[in-house]
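**Student:** Turn this into a model:
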Amino acid sequence: MLSRHVDLSRVVFVLVTVAGIVGLSFGVGLYSGVTRNRLFVLTAAVKDSIEGSFASVAEEASTLAGTRPSHFLQPRRYDGDGVTLNTRPDDGALILLSGFFDRSNELRLLRRDGTVLARWPVQFSSIFPNRSHLPEASRPATDWNIDTHGALALPDGSVVFNFEWGGLVELDRCGEVLWTLPRQTHHSVERAEGGGFWVPGRRVVTEGPSPFPPFEVPFREDTILRVSEDGRVLAEHSVPKIFYDNGLDALLTAAAGRRTRSEWDPEIVHLNKVEELTNDIAGDFPTFRAGDLALSIRDMNLIMVVDDGAATVKWWQVGPWLRQHDPEFRRGGTITLFNNNVYAKLFGPEGWVSPVSAPRVSNIADINPATGQYRVLYGGTEGHELMSIIRGKVDVTPGDGLLITEFEGGRALETDANGHTVWEYVNRFSPDEVSEITEARVYPAGYFEVSDWSCESAGRSGSGR
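**Tutor:** Below you'll find the predicted structure:
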């Protein structure tokens with residue numbers, strides 16, 4: 001048996017050194033925690049990143065296995081399932097919902113009492129079997145790695161919608177594909193008064209000199225697409241180019257958060273809405289004319305109005321809204337918007353925290369571009385609970401009320417002209433969770449030409465039933 005001489009002095013030295021390091025680390029940590037210095041911020045950020053990575057791996061594993069649609073779920077905030085409030089008699093209105101239902105992306109058309117008249121379950125892999133229009137890194141691994149965002153129904157019963165960053169689609173009322181636009185379309189789909197649709201698009205530029213210094217290739221260039229009734233691109237306008245051509249390029253680098261180390265964020269702008277000013281209300285906007293477009297640039301807290309050729313900026317304003325979505329021209333000369341009213345990341349007493357726990361609430365507000373008057377229409381008071389960190393939509397109803405999509409609450413609700421909630425729908429997934437709703441629209445009686453929504457009457461069963 002071999003023996004080893006133990007150097008007692010060395011052992012003591014090692015123990016003292018280790019104890020000193022532990023003590024120093026504890027002291028530094030304690031001091032950092034009390035003073036909230038940069039070391040504390042960095043440590044909290046690293047901890048947040050590591051915890052987030054483990055959570056992301058778990059979510060992705062369940063998504064790939066098809067066992068749990070984690071990307072579509074949020075904690076429950078509201079009671080009930082389906083239509084939880086309906087104070088209006090059956091006025092013939094129908095409500096279109098787009099979101100995640102019954103373990104699938106789906107569009108649904110409902111009566112006010114929750115009766116489903118039509119369903120359009122959609123699978124990205126079936127509608128876009130060839131995904132070459134997407135950058136390789138952006139191609140969804142499964143149908144649970146992409147959702148719908150932006151949807152509307154047409155009078156003939158067909159629906160037009162985006163797969164988020166994945167392509168634009170029109171389905172007939174029985175779910176048959178009428179056309180697809182294989183582009184990186186995203187966020188919103190709106191009717192163009194002269195026919196067709198306005199849709200945000202995106203180009204990923206990887207080669208050549210950059211026309212937008214200091215942003216260098218590769219960069220992501222959001223665009224305004226004018227799409228025909230049969231799915232062809234009629235016109236495309238670069239949103240960064242609008243800034244440069246109108247002498248507003250300084251706005252693109254005004255936010256420190258757009259710079260990472262020595263590089264600028266390759267997403268130059270984050271466009272989330274294109275909305276056209278229609279003839280019937282154009283007279284209420286003295287500085288605009290019919291055909292002008294409202295654009296929402298999320299990360300800059302910016303809304304602007306440009307002409308229909310996207311050449312001239314007629315008006316722009318930063319805030320007081322934060323990370324806003326879905327501006328809508330409204331009768332009376334105002335622009336109504338969904339104000340997410342929260343930052344992407346917040347720092348609280350315990351380090352990096354979810355914005356849900358921060359003392360901010362989302363709201364619906366409007367701005368008068370001619371006078372600058374700003375007012376909150378809904379949210380921030382008892383009975384007007386509303387919170388969505390990302391996305392969120394609002395439509396002005398024919399009765400001058402609001403139809404609000406609370407994405408992260410899995411909820412859609414309608415108010416009357418006085419701000420009273422008259423209808424609510426909660427998309428329950430489980431006792432403690434809800435599934436996302438990405439779009440809600442209300443269509444008045446007489447909008448649809450369809451009298452019988454059964455696909456048998458159309459001579460086929462269809463994939464949407």
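
**Student:** how deep is Arg360 tucked in, by neighbour count?
**Tutor:** 18 (other Cβ atoms under 10 Å). Bear in mind the C-beta positions are built from the backbone N, C-alpha and C, glycine included.

**Student:** Likewise for Ala153?
**Tutor:** 24.

**Student:** do the same with the one 5 residues further on
**Tutor:** Residues within reach of Ser158, counting by other Cβ under 10 Å, total 18.

**Student:** wait, it sits on Val169?
**Tutor:** No: when contacts are counted by Cβ atoms under 8 Å, Ser158 is not listed as touching Val169 (10.3 Å).

**Student:** Provide a list of residues in contact with Gly196.
**Tutor:** Going by Cβ atoms under 8 Å, 6 or more residues apart in numbering, Gly196 touches 226-229, 234.

**Student:** ok, of the residues you listed, which come out buried?
**Tutor:** Buried subset of the contacts of Gly196 (neighbour count, 16 or more other Cβ atoms under 10 Å): 226-227.

**Student:** Show me the helices in the stretch 301-450 of the chain, by range?
**Tutor:** In chain order, the stretch 301-450 of the chain shows no helices, with DSSP state H, counting those that start in this stretch as the criterion.

**Student:** show me where pLDDT drops low in it?
**Tutor:** Along the stretch 301-450 of the chain, segments meeting pLDDT under 70 span 344-359.

**Student:** contacting residues for His186?
**Tutor:** By Cβ under 8 Å, 6+ apart, the neighbours of His186 are 149-150, 162, 164-165, 200-202, 272.

**Student:** 10 Å - rerun?
**Tutor:** For His186, the contacting residues are 149-150, 162-168, 199-202, 222, 270-272, by Cβ atoms under 10 Å, 6 or more residues apart in numbering.

**Student:** Likewise for Leu234?
**Tutor:** Contacts of Leu234 by Cβ under 10 Å, 6+ apart are 192, 194-197, 225-228.

**Student:** pLDDT at it, what is it?
**Tutor:** Note on Leu234: pLDDT of 98.

**Student:** list residues touching both of Ser158 and Val169?
**Tutor:** With Cβ under 10 Å, 6+ apart, Ser158 and Val169 have common neighbours 120, 178.

**Student:** tell me which of the contacts of Leu234 is nearest to Ser435?
**Tutor:** Phe197 (26.3 Å; Cβ to Cβ).

**Student:** could you check the distance from the nearest residue to that closest one once chain neighbours are set aside over to Arg203?
**Tutor:** Ranked by Cβ to Cβ, 6 or more residues apart in numbering and with sequence neighbours excluded, the top spatial neighbour of Phe197 is Val227, at 4.6 Å. According to Cβ to Cβ, to the nearest Å, Val227 stands 15 Å off from Arg203.

**Student:** and what of Ser132?
**Tutor:** Taking Cβ to Cβ, one finds Ser132 at 15 Å from Arg203.

**Student:** which of those two has more neighbours?
**Tutor:** Using other Cβ under 10 Å, the more surrounded residue of Ser132 and Arg203 is Arg203, with 14 against 9.

**Student:** Skipping its backbone neighbours, what lies nearest the residue positioned nearest the centre of the chain in space?
**Tutor:** Centroid-nearest residue in the chain: Arg391, 2.8 Å away (criterion: Cα atoms, centre = their mean). Leaving out its chain neighbours, the residue that sits closest to Arg391 by Cβ to Cβ, 6+ apart is Phe407, at 3.9 Å.

**Student:** That neighbour: what's it in contact with?
**Tutor:** So Phe407 contacts 74, 99, 149, 325, 338, 340, 362, 387-393, 436-439 (Cβ under 10 Å, 6+ apart).

**Student:** One more: Arg76?
**Tutor:** With the criterion set at Cβ under 10 Å, 6+ apart, Arg76 makes contact with 409-410, 426, 428-434.

**Student:** how close does it get to Ala365?
**Tutor:** 26 Å.

**Student:** for Ala412, same thing?
**Tutor:** With Cβ to Cβ as the criterion, Ala412 and Ala365 are 19 Å apart.

**Student:** Which one's more surrounded, those two?
**Tutor:** For Ala412 and Ala365, the more surrounded residue by other Cβ under 10 Å is Ala412, and the numbers stand at 27 against 23.

**Student:** what sits against the residue nearest to that one when sequence neighbours are not counted?
**Tutor:** Leaving aside its sequence neighbours, Ala412 sits nearest to Ala440 (Cβ to Cβ, 6+ apart; 3.8 Å). Residues counted as contacts of Ala440 (Cβ under 10 Å, 6+ apart) are 95-99, 110, 151, 393-395, 403-406, 411-414, 423, 425.

**Student:** follow-up on the earlier one: and the pLDDT at the residue nearest to Phe197?
**Tutor:** 98.

**Student:** wait, what's in contact with it?
**Tutor:** Contacts of Val227 (Cβ under 10 Å, 6+ apart): 160, 168, 170, 179, 181, 183, 185, 189, 192, 196-199, 201, 233-236.

**Student:** buried subset of those?
**Tutor:** 160, 168, 170, 181, 183, 185, 189, 192, 196-199, 201, 233.

**Student:** Identify, from those, the entry nearest to Ala282.
**Tutor:** Using Cβ to Cβ, those come closest to Ala282 at Ala192, 14.4 Å.

**Student:** Would you mind splitting the protein into its domains for me?
**Tutor:** 12-61, 74-458 (automatic domain parsing).

**Student:** from those, which stretch is densest packed?
**Tutor:** domain 74-458 (a mean of 18; mean count of other Cβ atoms under 10 Å).

**Student:** coming back round to it: find the pair from the contacts of Gly196 with maximum spatial separation.
**Tutor:** Maximum distance among these (Cβ to Cβ): 11.3 Å, for Arg226 and Glu229.

**Student:** Now list whatever residues contact both of those two.
**Tutor:** Joint contacts of Arg226 and Glu229 (Cβ under 10 Å, 6+ apart) are 192, 195-197.

**Student:** just the strands in the stretch 51-200 of the chain please.
**Tutor:** 73-75, 82-86, 94-101, 104-110, 116-121, 148-153, 159-163, 167-171, 177-181, 190-191, 197-205 (DSSP state E, counting those that start in this stretch).

**Student:** Could you pull up the mean pLDDT of stretch 454-461?
**Tutor:** pLDDT averaged over stretch 454-461 gives 61.

**Student:** what's Asn86 in contact with, if anything?
**Tutor:** 111-114, 414, 422-425 are the contacts of Asn86 under Cβ under 10 Å, 6+ apart.

**Student:** out of those, which one sits closest to Asn105?
**Tutor:** Tyr425 (17.1 Å).

**Student:** Val442 and Asn272, how far apart?
**Tutor:** Taking Cβ to Cβ, one finds Val442 at 21 Å from Asn272.

**Student:** Ok, Trp453 next?
**Tutor:** Trp453 is 31 Å from Asn272, by Cβ to Cβ.

**Student:** Next: Ile146.
**Tutor:** 17 Å.

**Student:** where does the stretch 1-150 of the chain dip in pLDDT?
**Tutor:** Ranges of the stretch 1-150 of the chain meeting pLDDT under 70: 1-58.
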